[in-house]
Each structure stands twice: as C-alpha cells, then as structure tokens.
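> okay, sequence plus prediction incoming.
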Amino acid sequence: MRIALVSLAAVAVAASATPALANEARVEARGGVIWNGSDSDAVAGVAAGYDYDLGDKLFAGVEGSADKVLADNTRVSWGAGGRIGAKVMPGSKLYALAGWQSKLCSTCNSAVGVGGGWQQDFGQKLYGKVEYKHLLIGDNTPDADVGLVGVGMKF
C-alpha cells in the first residue's frame with residue numbers, strides 16, 4: 001500500500017512540475033471545389049490528425065483523410081500526409097502541407113498533393129480552416145487543384 005501511495009505522489013509531483021504541452025488531436029468536416037483545366041466539381045470529406053509542438057512558435061502534424069468528389073463515377077479518395085507551420089498569432093496556424101491520396105475514380109491515378117493553409121481557433125475546442133492543394137497526378141493526366149474550407153474540433 002505504501003508503494004502505491006508513494007508512486008501516486010511521485011506521479012502527481014511530476015505532472016504538476018511538467019509544463020503544459022499544446023500537442024493536440026483534431027477531427028474535421030470539410031468541403032470545397034476541385035478543378036483542372038477543363039472541369040470543376042464539389043468535394044466533401046473528413047480528416048483526422050495530430051499536431052506536435054516544436055517549441056513556442058512551430059508545429060508539425062500528421063493527417064489522414066477521406067474525400068469524395070461529388071460527381072458521377074467517383075469514389076472516396078483516402079489520403080495520408082503531414083503539415084509543418086508556425087503559430088503566427090494566438091489561436092492561428094499558418095502551414096505548408098504535403099501528402100498522398102488514392103485514386104478519385106477507377107480510371108484515375110493516385111496523386112501527391114502540396115499546398116498550404118490557415119487554421120483559426122474559435123474558442124478552446126473549435127476551429128475553422130482554409131486550405132489549397134495542387135495535386136500532381138502524372139501519367140499524362142492533367143494536374144488538379146483543390147480549395148477546401150473545414151470546421152473541426154480539437155482534443
């Protein structure tokens with residue numbers, strides 16, 4: 001019993017002496033538009049990620065996503081990527097992003113996306129964001145661009 005109490009006290013002291021970290025998990029719903037040289041369509045999706053603090057002003061994060069172009073003959077495109085950026089104001093993040101996403105349709109190619117975004121807190125747990133990605137598709141398929149607006153919750 002004494003070992004348990006001493007261990008509990010040691011954990012409490014260590015926790016109170018450790019500075020608070022702002023590492024955070026997040027989930028979001030998002031929508032926007034995808035376009036290439038000739039077409040444009042609406043897109044909707046969800047994403048989940050985790051951001052790691054790299055000091056007071058910098059952060060890096062990972063993200064998984066599922067997006068669907070809202071047009072005939074498309075399917076859910078699964079994505080994995082990351083972002084790195086700066087906390088430019090309290091509650092604001094400016095970041096660059098890169099990632100991979102699976103095919104948008106059965107005859108499409110997978111793509112690598114690069115871009116950037118802005119995330120703004122709306123209180124303690126809610127945030128909104130705007131994002132732009134340029135999709136590098138390859139195999140003589142025209143590249144595409146995606147503009148997204150999202151609303152999410154941090155944990």
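Noted; the coordinates are in hand.
> what about Gly61, distance to Ala48?
Gly61 is 11 Å from Ala48, where distance means Cβ to Cβ, to the nearest Å. To be clear about C-beta, it is placed using only N, CA and C from the backbone, and glycine gets the same treatment.
> just give me the residue right at the centre of the chain.
Glu63 (4.6 Å; Cα atoms, centre = their mean).
> beta partners of that one?
Gly49, Gly81 (DSSP bridges).
> ok, Gly116 next?
Ala96, Tyr132.
> tally of neighbours for it?
16 (other Cβ atoms under 10 Å).
> what segments of this protein are helices?
Taking DSSP state H, the helices of the chain run over residues 2-17.
> tell me which helix or strand in the protein has the weakest average pLDDT.
helix 2-17 (a mean of 37; mean pLDDT, DSSP states H and E).
> returning to that earlier point: for Gly61 and Ala48, indicate the residue with more neighbours.
Gly61 (21 against 14).
> ok, the more buried one - contacts?
Gly49, Tyr50, Asp51, Tyr52, Gly82, Arg83, Ile84, Tyr95 (Cβ atoms under 8 Å, 6 or more residues apart in numbering).
> again with Val27
Val46, Ala47, Ala48, Gly152, Met153, Phe155.
> ditto for Ala29
Contacts of Ala29 (Cβ under 8 Å, 6+ apart): Ala44, Gly45, Val46, Gly150, Val151, Gly152.
> pretty sure the fourth one contacts Lys129?
When you say that, I think you mean Gly150. Yes. Gly150 is within contact range of Lys129, at 4.8 Å (criterion: Cβ atoms under 8 Å).
> which neighbours do these two share?
Glu28, Arg30.
> give me the phi and psi for Asp143.
With angles defined as degrees, to the nearest 10, Asp143 sits at phi -60, psi 160.
> which pLDDT value belongs to it?
Asp143 is assigned 93 on the pLDDT scale.
> doesn't Asn109 make contact with Gly138?
Yes. With contacts counted by Cβ under 8 Å, Gly138 reaches Asn109, the gap being 6.0 Å.
> which of these two has more neighbours?
Asn109 (15 against 11).
> out of the contacts of Gly61, which end up buried?
The neighbour count (16 or more other Cβ atoms under 10 Å) marks Gly49, Asp51, Arg83, Tyr95 as buried among those.
> now do the closest residue to the second one other than its chain neighbours against Gln119, distance only.
Distances taken as Cβ to Cβ, 6 or more residues apart in numbering place Gly61 nearest to Asp51, at 3.8 Å, with adjacent residues excluded. Counting by Cβ to Cβ, the separation of Gly61 from Gln119 is 10 Å.
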